[in-house]
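Peer 1: the following comprises the amino acid sequence and a computationally predicted model.
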Amino acid sequence: MTIKIGLINPRMEGPYPPLGLGYISSYLKKYGTHSYDIRIIDGNTSADIRKDLEGFNPDLVGFTGHSPQIREAVRLSNEIREWRKDVYQMVGGVHVSADPINTLKRGSFDLAVLGEGEATFLEAVDTFVSGEKMSLKKIKGTAYLDGEKIVVNERRAQIEDLDSIPFPARDLFNMEYYLGLSFGVRGLVRSGVTSITSSRGCPYSCTFCGVNIVFKKVRQFSREYCLAEIDELVSRYNARSLYFADDTFITNKKSVTAFCENLIRSGLAKKISWTAQARANLINWQDLDMLKLMKSAGCIQLEYGFESGSDRVLGLLKQNKVTVDDNQRAIDVTHRSGLRTLGTFIVGTPGETVEDLEMTKDFIRRNLKKLDYFQTFICTPFPGSPLYETCRERGMVDSD
């Protein structure tokens, strides 16, 4: 018996494929005990998700749900329930992990996958196939409807050995579409760009970020795993540039150094360019040689969340762990290394004053010769972040 599974990525503007669904697919194929026909129906490349879904006619549907996607996921879920009442529907993602109760109330989802999804989704699929609905209470990392009651189970332990997770099933994406995009985002203006991750989690707890609701601690894929994945991206998909989507790429500097040395030794550094996210308080003048090595290994840019030119606002956003001096030093060191610097800033933080905003403007102006790119974003309280809880307590957001 072959189980037909449709994984849906509700449309969200962006140049990168939904790697989370790719990991879910490859994990299920490797460790699942049944035969699966899996299709990723991607709102970024599908002209009509509903039509594609009806043509496939799956037994089970799974949604990914970042906060900007959740309304569309709920709408599609309710449409699917009207179309076929027997289709089993699951939903996962950062937003769902932060707010499973409201997500289940609004949509027609049978099960919410909370936190890291691979092992939980696998167990949920096996439970669905076996027909043992009463076993739902045993599946850690889930929430579900039991009549009118919503049950939230104990969270599941994270996967310790990330190398046990196969590469994302990129063959299920329209990689020709994604790699064919010529776009200007985060300083990259070219085609042949795609995303990759070398780690999961972040050791910090910025008030505007909800990453810790999914990944409780930092874990890394091995250097060998990453090199093999890069080699596949180059040889199979003809990727030319990579964006490392790690929350903080340089957390383990010894690992970064070894990775770059291996990238050079393998010859891949001559075939690929790449960018990564860093953190200002982790960069010192002693790291200049590491940054130069990264440049030799194909890195062209480091990206920093500088957020503000005001120490007071930085204290609110980054829990007093980063200062304006840290931001300045990171720009100076990165510029000296020959790497480009992209800085992102947040405006509209609750409690921010006009004087604070002027400090941010002055910081950017002072660094226009060294700051290759900068972007500003409006402060947004996403569910799962400490900022959301603060705004909810102040009556600034509707928690329903």
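Peer 2: On my side now, so go ahead.
Peer 1: quick one: the helices in the stretch 101-250 of the chain, in order.
Peer 2: 118-130, 175-180, 223-237 (DSSP state H, counting those that start in this stretch).
Peer 1: for the record, mean pLDDT for the first one?
Peer 2: When you say that, I think you mean helix 118-130. Across helix 118-130, pLDDT averages out at 92.
Peer 1: so what pLDDT did Gly65 get?
Peer 2: For Gly65, the predicted pLDDT is 84.
Peer 1: confidence-wise, which helix or strand of this protein is lowest on average?
Peer 2: Scoring the helices and strands of the chain by mean pLDDT, DSSP states H and E places strand 183-185 at the bottom, with a mean of 52.
Peer 1: so which bits of stretch 167-186 are buried?
Peer 2: Within stretch 167-186, the residues scored as buried using 16 or more other CB atoms under 10 Å are 167-170, 172-173, 175, 178-179, 181, 186. C-betas here are computed from N, CA, C, even on glycine.
Peer 1: residue contacts, the residue nearest the centre of the chain?
Peer 2: Centroid-nearest residue in the chain: Ala245, 6.7 Å away (criterion: CA atoms, centre = their mean). Residues in contact with Ala245 (CB atoms under 8 Å, 6 or more residues apart in numbering) are 16, 19, 195-197, 277.
Peer 1: which residues of the stretch 301-400 of the chain fall in helices?
Peer 2: Under DSSP H, counting those that start in this stretch, the stretch 301-400 of the chain gives helices at 311-318, 324-337, 354-366, 386-393.
Peer 1: Tyr88: how many residues sit nearby?
Peer 2: With neighbours defined by other CB atoms under 10 Å, the count for Tyr88 comes to 18.
Peer 1: just the pLDDT for it.
Peer 2: So Tyr88 comes in at 94 (pLDDT).
Peer 1: same deal with Val211?
Peer 2: 85.
Peer 1: ok, it to Ala245 distance?
Peer 2: 11 Å (CB to CB, to the nearest Å).
Peer 1: tell me the one of the contacts of Ala245 nearest Asp110?
Peer 2: Leu19 (24.5 Å; CB to CB).
Peer 1: neighbours around the closest one, how many?
Peer 2: When neighbours are counted by other CB under 10 Å, Leu19 comes out with 19.
Peer 1: for the closest residue in space to it that isn't next to it in sequence, give its distance to Asn252.
Peer 2: Nearest non-adjacent residue to Leu19, counting by CB to CB, 6 or more residues apart in numbering: Pro168, 4.9 Å away. Applying CB to CB, the value for Pro168 to Asn252 is 22 Å.
Peer 1: need the contact list for the residue nearest to Leu19.
Peer 2: Going by CB under 8 Å, 6+ apart, the list of residues near Pro168 reads 17, 19, 22-23, 25-26.
Peer 1: top of these by neighbour count?
Peer 2: Top of the contacts of Pro168 by neighbour count (other CB under 10 Å): Ser25, with 26 neighbours.
Peer 1: who are the packing partners of the helix or strand containing it?
Peer 2: In the assignment (DSSP states H and E), Ser25 maps to helix 19-31. For helix 19-31, the elements it packs on are strand 2-9, strand 35-42, strand 60-64, helix 118-130, judged by 3 or more CB pairs under 8 Å, 6 or more residues apart in numbering; DSSP states H and E.
Peer 1: point out the most buried one among these.
Peer 2: Highest mean neighbour count of the helices and strands packed on helix 19-31: strand 60-64, a mean of 26 (counted as mean count of other CB atoms under 10 Å).
Peer 1: how big is the angle separating that one from strand 2-9?
Peer 2: 20 degrees (axes from the mean of the first three to the mean of the last three CA atoms, to 10 degrees).
Peer 1: hmm, who's touching the next helix-or-strand element following strand 60-64?
Peer 2: Downstream of strand 60-64, the next assigned helix or strand under DSSP H and E is helix 70-83. Surrounding helix 70-83, the residues in contact under the criterion CB under 8 Å, 6+ apart are 8, 10-11, 43, 49-50, 53-54, 61, 63-65, 87, 89, 91, 93, 95-96, 103, 106-109.
Peer 1: can I get helix 70-83 in CSV? Just the C-alpha atoms.
Peer 2: Output of helix 70-83 as CSV, limited to C-alpha atoms (Å, rounded to 0.1, in the frame of the first residue of the first chain):
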residue,chain,number,x,y,z
ILE,A,70,-0.6,30.9,8.8
ARG,A,71,-3.7,32.7,7.6
GLU,A,72,-3.4,31.1,4.1
ALA,A,73,-2.7,27.7,5.7
VAL,A,74,-5.9,28.0,7.8
ARG,A,75,-7.9,29.1,4.7
LEU,A,76,-6.6,26.2,2.6
SER,A,77,-7.2,23.8,5.5
ASN,A,78,-10.8,24.8,5.7
GLU,A,79,-11.2,24.5,1.9
ILE,A,80,-9.7,21.1,1.9
ARG,A,81,-12.1,19.9,4.7
GLU,A,82,-15.0,21.1,2.5
TRP,A,83,-13.6,19.2,-0.5
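Peer 1: report the angle between that helix and strand 2-9.
Peer 2: Taking the same axes, to 10 degrees, one finds helix 70-83 and strand 2-9 inclined to each other by 140 degrees.
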